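Asks: When you get a sec, could you give me coordinates for this:
(chains A and B)
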2 protein chains.
Amino acid sequence: MPVLYHHWLSPAARFVRVLLAEKRIGFDLRIEKEWDRRPAFLALNPAGEVPVLVMDDGKAYSGVMAIAEFLEEVVPEPALLTGSADERYEIRRLVGWFHTKLGSEVTRHLVTEKLFKRFFGMGEPDSEAIRCAAHNLKIHLKYITFLVERRHYLAGQQFTMADAAAAAHISVADYFGNIYWQDWPHVKEWYVRVKSRRSVRTLLSDKIKGLAPSPHYSELDF
Amino acid sequence: MPVLYHHWLSPAARFVRVLLAEKRIGFDLRIEKEWDRRPAFLALNPAGEVPVLVMDDGKAYSGVMAIAEFLEEVVPEPALLTGSADERYEIRRLVGWFHTKLGSEVTRHLVTEKLFKRFFGMGEPDSEAIRCAAHNLKIHLKYITFLVERRHYLAGQQFTMADAAAAAHISVADYFGNIYWQDWPHVKEWYVRVKSRRSVRTLLSDKIKGLAPSPHYSELDF
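Replies: Numbers count the residues shown, from 1 in each chain, chains lettered A, B, ... in the order given. You can find the predicted model right below:
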């Protein structure tokens, strides 16, 4: 069975978990503390980062977008990157947006300050960084509102990789209790729809020892 | 004619310039000072970043990998993302590697410290950041050496997007004179090969007013 190296609050790993589940590819999860820079793991991915997907033949795949495109090519159904060249462009643009922009402006700060610093005794969380992330998150929630006011899912009428990428990041922010859902009714409507998918529900049973999720984190109706 | 919004030492914009030239798509270059956050530019790309490609029908494309995949789909020849699913995976992994890892560990620091700080009067360049970038660059040049010892081009026997991405970043580091070529004979051999392509040569005539490139920057044999 394929193995996915991950850690719980890595949005990139969550994204790949959703894609695998959508495509009904069974896999085992293995936690990798990438910060240990374990030589056997570096041999799988010289970048030293999760997610890494090791397929049954032992071949290792890394790089979040490279994995996603590979899965789409080898298991085309159900299609998560579909439509005309323009529609496919829009899906990829949004996937890039969430992983790069939302990732660097919001989730990376939250994970560093609220998880890593605490677990590794790296001192107090930097409240300025958390405030920044919270401010940036609002801009992204506004942008998601703009998208879902026009579309059933983020890139159009169907669930695509763009929704998987957004859900991966939003679920991390929500784990930390950073989203005040009453302020974001359109995003909430989309997230309820996304959360009801079997592929996304698997993320909602994640529990990190010593860091409980926000009370509504795993609720399908919240 | 399509218009590419860019600035001279943006590796992501350089990458798209090479792809367009490889595919023989004529285009006009327009400099965009993304830091001005010009409303008309934000309307083209809400991320506010170059490159943005505006096609003849007025549609704007942003997000470096989304642009690259779109160009490959609408102008398939010459193919820059080709081969089996595994070969295509490897090309995409490397493109992601150069833009994300080399970009954040090397070129972003060089451009910030050596160009932006100087031109915007943001104070003295941070010599620690430059030293870090120089150290990281060596690790990346080692990795490129590892690749080209085994392959004619980075992802295999043909020039692909992976070479375009690496050339975009390496050419920026080389503009600043950060590469001591005598130490990297294998990388140099690959770069001579890449520099001799018409698509890459167009980058070598770039000159930034007040910041001359390293003496060998535009030499095909150096």
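Asks: all helices for chain A, in order.
Replies: For chain A, applying DSSP state H gives helices covering A:11-22, A:39-44, A:64-74, A:85-96, A:108-110, A:117-119, A:127-150, A:161-175, A:185-195, A:198-201.
Asks: Going by mean pLDDT, which of these comes out lowest?
Replies: Of all these, helix A:117-119 carries the lowest average pLDDT, namely a mean of 82.
Asks: can you give me how far that helix is from the chain middle?
Replies: The chain centroid and the centroid of helix A:117-119 are separated by 21 Å under C-alpha atoms, centre = their mean, to the nearest Å.
Asks: quick one: buried residues of it?
Replies: Under the neighbour-count criterion of 16 or more other C-beta atoms under 10 Å in any protein chain shown, helix A:117-119 has A:Lys117 buried. For the C-beta atoms, the positions are set from N, CA and C on the backbone; glycine is no exception.
Asks: now stretch A:144-155
Replies: Neighbour-count burial for stretch A:144-155, counted by 16+ other C-beta under 10 Å, picks out A:144-145, A:147-148, A:153-155.
Asks: Can you name the two of those residues that sit furthest apart?
Replies: Among those, the pair separated by the greatest distance (C-beta to C-beta) is A:Thr145 and A:Ala155, at 15.1 Å.
Asks: interface residues of chain A facing chain B?
Replies: Residues of chain A lying close to chain B by C-beta under 8 Å from any C-beta of the partner chain are A:46-47, A:59, A:61-67, A:69-70, A:73-74, A:85-86, A:88-89, A:92-93, A:95-97, A:100-101, A:143.
Asks: check contacts around the residue nearest in space to the middle of chain A.
Replies: When C-alpha atoms, centre = their mean is applied to chain A, the residue found nearest the centroid is A:Ala168 (2.1 Å). For A:Ala168, the contact set (C-beta atoms under 8 Å, 6 or more residues apart in numbering or on different chains) comprises A:11-12, A:14-15, A:18, A:98, A:203.
Asks: follow-up on the earlier one: now the buried residues of stretch A:144-155 in JSON lines, with distance to B:Gly26?
Replies: What follows is these, written out as JSON lines (distance: C-beta to C-beta, whole Å):
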{"residue": "A:Ile144", "distance to B:Gly26": "37"}
{"residue": "A:Thr145", "distance to B:Gly26": "39"}
{"residue": "A:Leu147", "distance to B:Gly26": "33"}
{"residue": "A:Val148", "distance to B:Gly26": "38"}
{"residue": "A:Tyr153", "distance to B:Gly26": "36"}
{"residue": "A:Leu154", "distance to B:Gly26": "33"}
{"residue": "A:Ala155", "distance to B:Gly26": "30"}
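Asks: burial count for A:Pro11?
Replies: Around A:Pro11 there are 26 other residues, counting by other C-beta atoms under 10 Å in any protein chain shown.
Asks: For chain B, see how far away it is.
Replies: Distance of A:Pro11 to chain B, computed by C-beta to the nearest C-beta, to the nearest Å: 14 Å.
Asks: ok, now A:Asn178?
Replies: Distance from A:Asn178 to chain B, by C-beta to the nearest C-beta: 21 Å.
Asks: My read is that that residue contacts A:His109, right?
Replies: No. Look at A:Asn178 against A:His109 with C-beta atoms under 8 Å: they stay out of range, at 10.3 Å.
Asks: where do the contact lists of those two overlap?
Replies: Contacts common to A:Asn178 and A:His109, judged by C-beta under 8 Å, 6+ apart, are A:Ala133.
Asks: what about A:Leu141, how many neighbours?
Replies: Residues near A:Leu141, counting by other C-beta under 10 Å, number 22.
Asks: ugh, wrong one, A:Pro39
Replies: Per other C-beta under 10 Å, the neighbour tally for A:Pro39 reads 7.
Asks: Please name the nearest non-neighbouring residue to A:His109.
Replies: In space, and not counting its chain neighbours, A:His109 is closest to A:Ala133: 3.9 Å by C-beta to C-beta, 6 or more residues apart in numbering or on different chains.
Asks: From chain B, how far out is that neighbour?
Replies: 17 Å.
Asks: Just confirm that residue contacts A:Glu105, I think it does.
Replies: Yes. Using C-beta under 8 Å, A:Ala133 is in contact with A:Glu105, at 7.1 Å.
Asks: Give me the more crowded residue out of these two.
Replies: More crowded of A:Ala133 and A:Glu105, by other C-beta under 10 Å: A:Ala133, with 22 against 16.
Asks: Break chain A into its domains for me.
Replies: Split into domains by automatic domain parsing, chain A comes to A:3-74, A:85-197.
Asks: Ends of the shortest one, what's the gap?
Replies: What that stands for is domain A:3-74. 16 Å (C-alpha to C-alpha, to the nearest Å).
Asks: starting at the chain centroid, how far to that domain?
Replies: Using C-alpha atoms, centre = their mean, the offset of domain A:3-74 from its chain centre is 12 Å.
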